[in-house]
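J.: No letters, just coordinates:
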């Protein structure tokens, strides 16, 4: 862990700079430990692939005091917390028209059939490495090499809410309508970011996600259930 | 006491409600938001005897037209956008008493970019995630009252009569159009070439037209910049200066995304970032290391 000043009101802790589940697990363990630590002066936390950004109020705590406080409990807490398995969230996705906007391009890039693409995308448990870009956007990985395809050369001005996309070895869901260059292969009926909810993001950093293929009829049914608050999210606590 | 009401007859170029921001939700990708010039906003709130972090109006270059009903107090700080009350020039950095039917208007921008209008009392407004600040993501859905549109109206619960205050002109912040700010070295500082770094600290960078609450793109390209270091997406804080792959610096501001993957050369100190918030396209920005 390398502690760096990040301006005068934040600290950046860099872990080994690599996209790797075991490194991200350490980031999430420290993130969770700090969330419950009650250290006065911490204003926000941004866990990422292999770094943790910590905002602080410099009138309450100094960089060096924060560093020594984290150092003193980090190792112990992290070892304990790393062993806690995260939740597994099942997310239904319809890989059919009119949602699979870039499926043909992805088939061409990967030389895989639509059926193979769906079965690969639904067979793997992905890790939520971080949230960013827009509120509630979860960066998930890692895709198998066979699904690796570049971003679109011309990004879309509007990607519809709920769109599920691929970019390099990552997969993600657009929680709100946004511009973007990810290759869209389907859509989830779930509301990934509900601003009316006190805990607005369906996914949390460190979650595991498994996609489940549904058809258009199920898509409409789930959407309807969810709109009246009767859809029960499938979550397993590991 | 009766309700004090205000109605925006014209919204201005970009008028929003802001407070100290939406801290504590950044792990979900929610931008911090909040006032761009924190110092000016605090002064405005102090002048009307509000909590220093109370929500107030941030006004950008072209001000709104506001009609009041009832009696109350306001104060205006930050950029001088030629405010008038019923057609008469009003003093900034002072408590101003408002009578029923008063009309607040703004004229030409004299200096600075963002003006703050505080109203004495409690602004009745819906909060989202503990903050009244306009959301950068989908503000019309998430914080519909905080993005000011034509005919927007607000009720203000006013307290007992508060004292009239004024900040002496000698201590009012100056808002220069050319500004050197203090920075700390950024996370990837050591990955930049010596030529790029020397250039960064030697020259003035004009603020481009692409400058808003998310970030300011600067109109000068760093030479000898080889973005061969792969930066794995990592957290972003306001004041971060990132360099795009073409060598263009971007200063990230209050509405910035919470993560990014460009090399970060430096971070502007918090106090100086308040001054950057008052720069507008065409103004000049320079950098020096803070020790």
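T.: Thanks, I have the structure now. Quantities reported herein were computed from a predicted structural model and do not represent experimental measurements.

J.: Find the least confident helix or strand in the chain, judged by mean pLDDT.
T.: You didn't say which chain, so I picked chain A. In chain A, the helix or strand scored least confidently by mean pLDDT, DSSP states H and E is helix A:63-82, which has a mean of 80.

J.: Hmm, no, I was thinking of chain B.
T.: None of the helices or strands of chain B scores lower by mean pLDDT, DSSP H and E than helix B:139-142, at a mean of 90.

J.: any idea of the mean pLDDT for the very next helix or strand once past it?
T.: Where DSSP states H and E defines the elements, the next helix or strand beyond helix B:139-142 is strand B:153-157. For strand B:153-157, mean pLDDT is 96.

J.: picking up where we left off before, so what touches the least confident helix or strand of chain B?
T.: For helix B:139-142, contacts defined as C-beta atoms under 8 Å, 6 or more residues apart in numbering or on different chains pick out A:195, B:16, B:128, B:135, B:146-147. In short, each C-beta sits where N, CA and C put it, glycine included.

J.: if you set the cut-off to 6 Å instead, what comes out?
T.: A:195, B:128, B:135, B:147 (C-beta atoms under 6 Å, 6 or more residues apart in numbering or on different chains).

J.: any idea which of these is closest to residue B:244?
T.: Using C-beta to C-beta, residue B:135 comes nearest to residue B:244 of the contacts of helix B:139-142, at 25.1 Å.

J.: which non-adjacent residue is nearest the closest one?
T.: Nearest residue to residue B:135, sequence neighbours excluded (C-beta to C-beta, 6 or more residues apart in numbering or on different chains): residue B:142, at 4.0 Å.

J.: State the distance from that neighbour to residue B:126.
T.: Going from residue B:142 to residue B:126 by C-beta to C-beta, to the nearest Å gives 10 Å.

J.: Just want to know which of these two has more residues nearby.
T.: Comparing residue B:142 with residue B:126 by other C-beta atoms under 10 Å in any protein chain shown, the one with more neighbours is residue B:142, at 22 against 11.

J.: contacting residues around residue 211?
T.: Since no chain was named, I'll use chain A. Residues in contact with residue A:211 (C-beta under 6 Å, 6+ apart) are A:91, A:93, A:121-122.

J.: wrong chain, I was asking about chain B
T.: By C-beta under 6 Å, 6+ apart, residue B:211 lies in contact with residue B:281.

J.: beta partners for it?
T.: Under DSSP bridges, the beta-bridge partners of residue B:211 are residue B:216.

J.: The least confident helix or strand of chain A packs against which elements?
T.: Contact analysis of helix A:63-82 by 3 or more C-beta pairs under 6 Å, 6 or more residues apart in numbering or on different chains; DSSP states H and E lists helix A:21-37 as its packing neighbours.

J.: So for chain A, the centremost residue is which one?
T.: residue A:138 (2.5 Å; C-alpha atoms, centre = their mean).

J.: how close does it sit to residue B:99?
T.: Counting by C-beta to C-beta, the gap from residue A:138 to residue B:99 is 53 Å.

J.: What of residue B:257?
T.: Applying C-beta to C-beta, the value for residue B:257 to residue B:99 is 44 Å.

J.: So which of those two has more stuff around it?
T.: A count of neighbours by other C-beta under 10 Å puts residue B:257 above the other of residue B:257 and residue B:99, at 20 against 12.

J.: I'd guessed residue B:35 sits against residue B:41; true?
T.: Yes. Counting by C-beta atoms under 6 Å, residue B:41 is a contact partner of residue B:35 at 4.0 Å.

J.: Cross the contacts of residue A:211 against strands and list the overlap.
T.: Using DSSP state E, the members of those that fall in strands are A:91, A:93.

J.: Between the contacts of residue A:211, identify the one with the most neighbours.
T.: The most crowded member of these, judged by other C-beta under 10 Å, is residue A:93 (25 neighbours).

J.: For the stretch 1-150 of chain B, which segments are assigned as strands?
T.: Assigned by DSSP state E, counting those that start in this stretch, the strands in the stretch 1-150 of chain B fall at B:4-10, B:16-18, B:56-60, B:65-69, B:72-80, B:84-85, B:88-89, B:96-98, B:103-105, B:111-119, B:122-123.

J.: Would you tell me which of these gets closest to chain A?
T.: Among these, strand B:16-18 comes nearest to chain A, with 16.3 Å by C-beta to the nearest C-beta.

J.: Can you give the contact residues for that closest one?
T.: Contact with strand B:16-18 is made by B:34-35, B:55, B:58, B:132-134, B:146-147, as judged by C-beta under 6 Å, 6+ apart.

J.: Relative to residue B:59, how far out is residue B:121?
T.: Counting by C-beta to C-beta - residue B:121 and residue B:59 are separated by 19 Å.
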